[in-house]
Every structure is written in C-alpha cells, then in structure tokens.
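Student: Give me a model of this one.
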Amino acid sequence: MGKTRKAPRAAVEEFEVAGIPVRLTRKRVRRLNLRISRDGTYVEMSAPPRIGLAQIEGFVLDKQSWIRAHMAEAVSSPAGQAEHATAQEVSEWKTAVSTVVPPLIKEWEPIIGVKAGSVVYRNMKSKWGSCQPTTGRICINTRLALYPPECLEYVVVHELCHLREANHGPAFHGLLDAYMPDWKSRRAKLR
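Tutor: Model prediction:
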C-alpha cells in the first residue's frame with residue numbers, strides 16, 4: 001500500500017507595491033486571487049507558481065484604487081477597529097456585553113426551553129460564541145459590543161439553541177427559524 005504525500009506547506013512572501021502591503025501565497029490555483037485582510041492592513045493574494053512577480057505587481061497596480069478604497073472600509077469596520085483596540089477598549093466591550101447578555105439569556109431561556117450554565121466573555125478573533133451543551137456553558141465574544149444589538153441577541157439565541165441541538169444540522173436551523181425568523185439577516189451583519 002503506497003503512502004499518500006501531503007503537499008508542502010505554501011511559503012508566504014511579503015512585499016509592498018505602491019505602498020500597499022501584500023502577503024502572497026503560491027499555490028495550485030488557476031489565476032491570481034486577491035482579498036483585503038479583515039483588519040484592512042494588507043492585501044492577501046494567492047497565485048500559481050508559474051506567474052512572475054512583475055505580473056503580480058502589475059495586477060496590484062491595476063487594482064490599486066479598488067484596493068485602497070476597500071482597505072479604508074475594512075480599517076473602519078468593527079473587525080478593523082477590534083484589531084487595533086487598546087486593553088481599555090477591550091475591557092469596555094466586556095463590560096458592555098456582560099451587562100446586556102444576562103437579561104437576554106433570561107428572556108430567551110423559557111422561550112427556547114433551556115437553562116444556560118455559566119456564561120463567560122472573551123475577546124475572540126474567529127468566532128462569535130461557543131456552547132458546551134453537556135455543561136450548558138456559553139462563551140460570548142466581547143467584540144459583539146461593536147455591532148448592532150440585534151447581532152448580540154442573535155448570537156445568544158444561536159448558543160441557547162445549541163443546548164437543544166448540538167450541531168449545525170437541519171434540526172438546529174429549524175430551531176433558529178422558529179425562534180428568530182430573521183436570524184440570517186442578523187448573521188449577515190457579522191460577516
């Protein structure tokens with residue numbers, strides 16, 4: 001039986017084009033791909049190994065006005081603000097979120113028919129909340145303080161629904177549809 005070989009981990013090249021920081025990853029893609037980092041501080045690119053650096057730089061220069069506009073937008077977004085927050089700001093977010101969440105949980109527990117355990121608050125980069133259905137422990141992202149209140153309510157309801165349905169299958173989404181019919185529009189504001 002032959003061994004399967006894993007592809008080598010792609011190296012990341014960092015450079016600037018016209019003052020725009022670029023992080024380039026060479027990988028097996030058909031064409032150049034470009035996106036702005038969540039915090040708006042650099043451009044993430046992926047490119048096939050066969051494309052030369054001059055062509056990549058030309059691509060960035062062609063898209064320069066679009067890149068600068070979207071970088072400015074990303075920096076001023078909640079995600080961009082969170083990346084550059086001071087310890088004081090993070091503490092203020094925690095205070096704000098921890099003031100709002102307990103009444104929301106108290107309001108929604110009888111509606112959903114669950115009882116939450118402990119609630120903790122964390123400054124997280126990649127998720128809005130988490131739930132341990134076996135213990136009822138819920139974790140809420142303090143960065144939700146930067147978003148409209150309906151987003152925080154959505155995350156609370158989402159995590160409470162996990163106390164009834166642990167995964168993100170059809171039954172779970174059925175619960176969200178039943179208890180919060182506009183959950184998709186609320187979730188969209190977090191993306």
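
Student: Spatially, what comes nearest to V156 if we skip its sequence neighbours?
Tutor: L104 (4.6 Å; Cβ to Cβ, 6 or more residues apart in numbering). In short, each C-beta sits where N, CA and C put it, glycine included.

Student: per-domain residue ranges of this protein.
Tutor: With domains defined by automatic domain parsing, the chain comprises 12-83, 87-188.

Student: List the contacts of the closest residue in space to G117 that isn't next to it in sequence.
Tutor: Leaving out its chain neighbours, the residue that sits closest to G117 by Cβ to Cβ, 6+ apart is G136, at 3.0 Å. In this structure, G136 makes contact with V114, K115, A116, G117, S118, L163, judged by Cβ atoms under 8 Å, 6 or more residues apart in numbering.

Student: Separate out the buried members of these.
Tutor: V114, A116, L163 (16 or more other Cβ atoms under 10 Å).

Student: From those, pick the one nearest V156.
Tutor: Nearest to V156 out of these is A116 (Cβ to Cβ; 9.0 Å).

Student: pretty sure Q81 contacts L146?
Tutor: Yes - at 6.0 Å, Q81 and L146 qualify as touching, with contact defined as Cβ atoms under 8 Å.

Student: could you measure L160 against E109, distance?
Tutor: Separation of L160 from E109 (Cβ to Cβ, to the nearest Å): 7 Å.

Student: Which one's more surrounded, those two?
Tutor: Using other Cβ atoms under 10 Å, the more surrounded residue of L160 and E109 is L160, with 25 against 15.

Student: Make sure I have this right: Q55 is in a helix.
Tutor: Yes - judged by DSSP: H, G, I helix; E, B strand; the rest coil, Q55 forms part of a helix.

Student: Can you read off the pLDDT for the residue nearest to it when sequence neighbours are not counted?
Tutor: What sits nearest to Q55 in space, not counting adjacent residues and going by Cβ to Cβ, 6+ apart, is L32, at 7.9 Å. Looking at L32, its pLDDT reads 92.

Student: With that, I have no additional questions.
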